[in-house]
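> Dropping a prediction and its sequence here:
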Amino acid sequence: MSRKRNVESEGGVVFIDPKMKALSSLDGEIGWLAAFPYGLQHVLAMFVANLAPIAIIAAAAGLPEDLRATLIQNAMFIAGIGTFVQLFPLWRVGSGLPIVMGISFTFVSVACTIAATQGYGALVGAVIVGGLIEGLLGLFARWWRRIITPIVAAVVVTSIGFSLLGVGAASFGGGSGAEDFGSATNLILGTVSLLACLVFQGLAKGATKQLSVLFGLVVGYLVAIPLGKVDFSGFASAQLFSLPGVLPVTPEFNLGAIITVTLIFLVSATETVGDCSALTAAALRRNPTDKELSGAVTADGLVSSLAGVFGCSPVTSFSQNVGLIAMTGVVNRRAIATGAVVLVLAGFVPVVSLVFASLPEAVLGGCTIMMFGNIIVSGFQMIANAGFSQRNITIAALSLAVGIGFTQMGDIFAIFPELVQSVFADNCVAVVFVVAILASLLLPKDQKVEGPLIVEEGNDSVDIATDALES
């Protein structure tokens, strides 16, 4: 006698595996232990990228080794706190979405310049003030969100995906600036990691299938050890426990630095809006609400101010983790929260940071390159959902062509002031956003055709029976 399978449906999607149903729901019931691997996967996907910006900025500022180590430790702690705030909002701060926060790459260029010329204290002061301004802007998101039309959000999401492809490729080759970049060892590690992800995803069943990135990272790490690509030298002198350092650098409030950093915060807010749109579109099959967008941007700013208190550069939502969610469909807040716990613990246990930091770049690149492609596909889907009207096609084509094309030729901005160059020359997301907003505001609305369409046989002309009305 055959047994009837317990099949449930929700929102038109059929769930056979109860665990997968829980993972695909923001507040699905799942045990902490069962949820842990999915949160750990998110930490592994963003760990190196979270450390890199603060390490680059600290080096540019010429900070001593002990202070650099403190800032890296603090970066982990702040990323965990920011992720918790996004997952479980406090008042109007936080989106309630499975957003993973980390130190932003968007600020690296400007931050390096300020830290090198005006001092690291001036950077910290600018981050604290600029974050408060972005947080205030986020509270009023429902007033300015109207200019972020579906087609604008769609092209911003698409540009985020394109902007990350170079990051994934650089990691695949061993990390930008690495002495052995593009070596056979790095390419083998990246390929092995990518193949491990694909094989696992093809063979695994049910909810386990969504751990393909974690599996690829583990396999790549194990293969990297005998190849000499994992550096264990820092473990011998690592402390077992250390408190994150508050105000490791005294803030200085320089007006020029504050204005410069605040302008970049506006770009960061745009990226957060795009990440929210990409996440909800890919994983929740809807647009973000005003409350979610407002909370996300507010948290982006206020947690960045907190990051400044701990001596770090600003944080933002991590697009690579949005790509991971788009790839796996895992949106459960409890699952993502286990990753936030790991990040916070890394802020108290330096050896935890060392374990993750020892992950070779090539392994990370092999596991993340497809995730970044998923963000592009999500953007294409959003463009399709916005509709292929002539107006939307024009906005998408113009903004992507100018944004991606011009930033590949950064010298095209040479006649502009240095501040404009620092914001736009290498940031296709910022250029795409500005062009898309201007096009959306300036282009006339589509003409809506009403009435019968009369086509004269044997004639190429088409007569409209009634006047077109503005949509």
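Arrived safely.
> From here on, just use CA atoms for contacts and neighbour counts.
Will do.
> Residue 322 and residue 272 touch, don't they?
No. Residue 322 is beyond contact range of residue 272, at 10.6 Å (criterion: CA atoms under 8 Å).
> between the two, which one's more packed in?
More crowded of residue 322 and residue 272, by other CA atoms under 10 Å: residue 322, with 28 against 22.
> Which SSE is immediately downstream of the host helix or strand of that one?
Residue 322 belongs to helix 319-328 when assigned by DSSP states H and E. Per DSSP H and E, the first helix or strand lying C-terminal to helix 319-328 is helix 333-348.
> Residues in contact with that next one: which ones?
Helix 333-348 has contacts (CA atoms under 8 Å, 6 or more residues apart in numbering) with 23, 26-27, 30, 32, 35-43, 73-81, 83-84, 87, 97-98, 100, 241-244, 352-353.
> rerun at 7 Å
26-27, 35-36, 38-40, 42-43, 73-74, 76-77, 79-81, 83-84, 87, 98, 241-244, 352-353 (CA atoms under 7 Å, 6 or more residues apart in numbering).
> Let me know the average pLDDT across it.
Computed over helix 333-348, the mean pLDDT rounds to 91.
> tell me the pLDDT at the closest residue in space to residue 324 that isn't next to it in sequence?
Of all residues not flanking residue 324 in the chain, residue 371 sits nearest, at 5.6 Å (CA to CA, 6 or more residues apart in numbering). Looking at residue 371, its pLDDT reads 73.
> Tell me which residues touch residue 371, please.
The neighbours of residue 371, taking CA under 7 Å, 6+ apart as the test, are 320, 323, 324, 327.
> Just send those residues back as CSV, with neighbour count, pLDDT and distance to residue 410 too.
Output for those, formatted as CSV (neighbours: other CA atoms under 10 Å; pLDDT from 0 to 100; distance: CA to CA, whole Å):
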residue, neighbour count, pLDDT, distance to residue 410
320, 27, 73, 24
323, 29, 79, 27
324, 25, 82, 30
327, 21, 78, 32
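> now, which of these sits nearest residue 301?
residue 320 (19.7 Å; CA to CA).
> so what does the helix or strand hosting residue 137 touch, helix or strand wise?
For residue 137, the host element (DSSP H and E) is helix 120-139. The helices and strands touching helix 120-139, judged by 3 or more CA pairs under 7 Å, 6 or more residues apart in numbering; DSSP states H and E, are helix 108-117, helix 255-279, helix 290-309.
> for the stretch 101-250 of the chain, what spans make up the strands?
Along the stretch 101-250 of the chain, counting by DSSP state E, counting those that start in this stretch, strands occupy 101-103.
> quick one: the helices in it?
Listed in chain order, the helices found in the stretch 101-250 of the chain under DSSP state H, counting those that start in this stretch are 108-117, 120-139, 141-144, 150-172, 184-203, 212-224.
> the domain parsing of the protein - what is it?
The chain breaks down into these domains under automatic domain parsing: 21-387, 388-471.
> Could you say which of those is packed most deeply?
Comparing these by mean neighbour count (mean count of other CA atoms under 10 Å), domain 21-387 ranks first with a mean of 22.
> Residue 251 - that's part of a strand, no?
No. Using DSSP: H, G, I helix; E, B strand; the rest coil, the secondary structure at residue 251 is coil, not a strand.
> Can you pull out the low-pLDDT segments for the stretch 151-300 of the chain?
Applying pLDDT under 70 to the stretch 151-300 of the chain flags residues 206-207, 210, 234, 238.
> In the contacts of residue 371, find the pair that's most separated.
So, these by CA to CA: farthest apart are 320 and 327, at 10.4 Å.
> Please give me every residue in contact with residue 433.
By CA under 7 Å, 6+ apart, the neighbours of residue 433 are residue 156.
> cool, residue 172 as well?
Residues in contact with residue 172, defined by CA under 7 Å, 6+ apart, are 186, 187, 190, 361, 362, 363, 365, 366.
> ok, the last one to residue 301 distance?
Translated: residue 366. 32 Å (CA to CA, to the nearest Å).
> Go ahead and confirm residue 182 touches residue 171.
No. Assessed by CA atoms under 7 Å, residue 182 is found out of contact with residue 171, at 9.7 Å.
> in this protein, which residue is closest to the centre?
The centroid of the chain falls nearest to residue 319 when counting by CA atoms, centre = their mean (1.6 Å).
> The nearest residue to it once chain neighbours are set aside and residue 100, how far apart?
Of all residues not flanking residue 319 in the chain, residue 275 sits nearest, at 6.2 Å (CA to CA, 6+ apart). Noted for residue 275: a distance of 10 Å to residue 100, by CA to CA.
> quick one: contacts for the residue lying closest to residue 57 once chain neighbours are set aside?
Of all residues not flanking residue 57 in the chain, residue 112 sits nearest, at 5.1 Å (CA to CA, 6+ apart). Residue 112 makes contact with 57, 60, 61 under the criterion CA under 7 Å, 6+ apart.
> Also compute the angle for the lengthiest helix in the chain relative to helix 150-172, please.
Ranked by number of residues, the top helix in the chain under DSSP state H is helix 32-61. Inter-element angle recorded for helix 32-61 and helix 150-172: 80 degrees (by axes from the mean of the first three to the mean of the last three CA atoms, to 10 degrees).
> from now on call the first residue 555
Let's use 555 as the start, then, which means that last one is helix 586-615.
> Now do helix 586-615 against helix 873-882, angle only.
Counting by the same axes, to 10 degrees, helix 586-615 lies at 150 degrees to helix 873-882.
> What helices and strands are in contact with the next helix or strand after helix 586-615?
Beyond helix 586-615 in the direction of the C-terminus, DSSP H and E gives the next helix or strand as helix 619-641. Judged by 3+ CA pairs under 7 Å, 6+ apart, helix 619-641 is in contact with helix 586-615, strand 655-657, helix 844-863, helix 887-902.
> Quick one: closest of these to residue 695.
Using CA to CA, these put helix 844-863 closest to residue 695, at 4.9 Å.
> relative orientation of the closest one and helix 619-641 in degrees?
Using the same axes, to 10 degrees, helix 844-863 lies at 160 degrees relative to helix 619-641.
> picking that back up, mind putting the contacts of residue 726 in JSON lines, distance to residue 946 included?
Shown next, in JSON lines, are the contacts of residue 726 (distance: CA to CA, whole Å):
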{"residue": "740", "distance to residue 946": "42"}
{"residue": "741", "distance to residue 946": "40"}
{"residue": "744", "distance to residue 946": "38"}
{"residue": "915", "distance to residue 946": "38"}
{"residue": "916", "distance to residue 946": "38"}
{"residue": "917", "distance to residue 946": "39"}
{"residue": "919", "distance to residue 946": "34"}
{"residue": "920", "distance to residue 946": "34"}
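> Pick out whichever of these sits closest to residue 662.
The nearest member of the contacts of residue 726 to residue 662, counting by CA to CA, is residue 915 at 19.0 Å.
> Might you report the residue contacts of the closest one?
Contacts for residue 915 (CA under 7 Å, 6+ apart) come out as 725, 726, 728, 729.
> for the first one, what are its contacts?
So that's residue 725. So residue 725 contacts 915, 916, 918, 919 (CA under 7 Å, 6+ apart).
> chain center to the helix or strand harbouring the last one, what's the gap?
Element membership of residue 919 [criterion: DSSP H and E] is helix 915-940. For helix 915-940, the distance from its own C-alpha centre to the chain's C-alpha centre is 11 Å (CA atoms, centre = their mean, to the nearest Å).
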